[in-house]
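K.L.:
Show me how the following folds:
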Amino acid sequence: MSIKQIDFSKHSSIKIGPTTDVFVIEEKSYPQGHYILGQCNNVLIGPQHPPLMILGKNFDYIKIEDNLLLVGAATPGGKLLSFCKKHDIAHFELLPKLPGNLGGMIKMNAGLKEYEIFNYMHSIETENGIFLKEEIPHGYRWTDFEGIVFEARFEIHKGFNEAHLEMFKKMRDNQPLDPSAGSCFKNPKGDSAGRLIQEAGLKGHRIGDMALSEKHANFLVNLGKGSFDEAIVLMQLAQKKVYEKFGIWLENEVIVVDERFKGEDSPLLKH
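P.N.:
You can find the predicted model right below:
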């Protein structure tokens, strides 16, 4: 058992959060009642957060066994991309624009449009055992399984595609460079959250040091010393204005880690 102190105002991609002790998971067991974090690229951590934990370095590895790619859940996407490029393994070309560790990517079924991390996944391992992809309910930016991912296994297909790599890079060239937690809301079916927010008149709208980016309206960005409360007010405003104009309730893609915004009654989860 080990504890690490982390300042989330420096560690998280949106540069918001307290300094707190975090439990480090070194083996395939962990304390109950703790919330698992990855590299904090898609989370907003509030002052009333639950106990937190992260995977240790024991879960950062890549190996090939029986024509399967075995990857520890703490492995960074960039490391996995480099491995696949070196060994001519296809279907991981989307990774340069997906920040974070593999475990977080799997939990939210991260991807770009129809290209998702689940597409060529074979199975995952949690403390409850090994589960084939077909046994795991999943869809656009969601999964439904119990436990923490320790390892994922992928089918190996040869032929790393440089053209796809460049395509994925260009797909995210319109993203702002300011600190953010990635896309703030999921795209409604057949539409774009960014378009809806822009049409609702909120592109570039600012509260304190938090803003809906001038470059891409679906990115909540920190322009300096933005706070958790400013971020929450801006997210709620976007949901309210889009609902009033289009009758569409935007669903969070950014994960809010705070006890006040937990469960189905959270104003950031449903209308």
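K.L.:
isn't residue 108 right up against residue 141?
P.N.:
Yes: if you go by C-beta atoms under 8 Å, residue 108 and residue 141 touch, sitting 5.6 Å apart. The way it works is simple: take the backbone N, C-alpha and C, and place the C-beta from them, glycine included.
K.L.:
When those two are compared, which one has more neighbours?
P.N.:
residue 108 (21 against 17; other C-beta atoms under 10 Å).
K.L.:
mind checking the backbone torsions on that one?
P.N.:
In terms of degrees, to the nearest 10, the main-chain angles of residue 108 are phi -100, psi 10.
K.L.:
check contacts around it.
P.N.:
The contact partners of residue 108, by C-beta atoms under 8 Å, 6 or more residues apart in numbering, come to 42, 141-143, 253, 255.
K.L.:
let's see 7 Å
P.N.:
42, 141 (C-beta atoms under 7 Å, 6 or more residues apart in numbering).
K.L.:
again, but for residue 58
P.N.:
By C-beta under 7 Å, 6+ apart, the contact list for residue 58 reads residue 26.
K.L.:
helix, strand or coil for it?
P.N.:
Residue 58 falls in the helix class when you classify it by DSSP: H, G, I helix; E, B strand; the rest coil.
K.L.:
Quickly note the distance from it to residue 77.
P.N.:
Per C-beta to C-beta, to the nearest Å, residue 58 is found 19 Å from residue 77.
K.L.:
same deal with residue 165?
P.N.:
Residue 165 is 13 Å from residue 77, by C-beta to C-beta.
K.L.:
More neighbours: the two, which one.
P.N.:
Just comparing residue 165 and residue 77: by other C-beta under 10 Å the higher neighbour count belongs to residue 77, 23 against 18.
K.L.:
pretty sure that one contacts residue 100?
P.N.:
Yes: using C-beta atoms under 7 Å, residue 77 is in contact with residue 100, at 6.2 Å.
K.L.:
the strands in the stretch 1-150 of the chain, which residues?
P.N.:
In order along the chain, the stretch 1-150 of the chain carries the following strands (DSSP state E, counting those that start in this stretch): 2-7, 19-25, 35-37, 43-45, 52-55, 62-65, 68-72, 111-112, 115-116, 121-126, 129-132, 138-139, 142-143.
K.L.:
Would you mind getting the angle between the first one and strand 19-25?
P.N.:
Right, strand 2-7. Using axes from the mean of the first three to the mean of the last three C-alpha atoms, to 10 degrees, the inter-axis angle of strand 2-7 relative to strand 19-25 is 150 degrees.
K.L.:
Give me the sheet partners of strand 2-7 and which way each runs.
P.N.:
strand 19-25 (antiparallel) (DSSP bridges).
K.L.:
what about the strand it pairs with, average pLDDT?
P.N.:
Strand 19-25 shows a mean pLDDT of 97.
K.L.:
Could I get the full set of helices for the stretch 101-250 of the chain?
P.N.:
102-107, 162-171, 193-199, 228-246 (DSSP state H, counting those that start in this stretch).
K.L.:
Just the pLDDT for the spatially most central residue of the chain.
P.N.:
With distances taken as C-alpha atoms, centre = their mean, the residue of the chain nearest its centroid is residue 42 (4.2 Å). Residue 42 is assigned a pLDDT of 89 by the prediction.
K.L.:
How about residue 175?
P.N.:
So residue 175 comes in at 77 (pLDDT).
K.L.:
what separates the closest residue to it other than its chain neighbours from residue 193, distance-wise?
P.N.:
Nearest residue to residue 175, sequence neighbours excluded (C-beta to C-beta, 6 or more residues apart in numbering): residue 216, at 5.8 Å. Going from residue 216 to residue 193 by C-beta to C-beta gives 10 Å.
K.L.:
hang on, the earlier thing: how close does the residue nearest to the centre of the chain sit to residue 74?
P.N.:
For residue 42 relative to residue 74 (C-beta to C-beta), the value is 16 Å.
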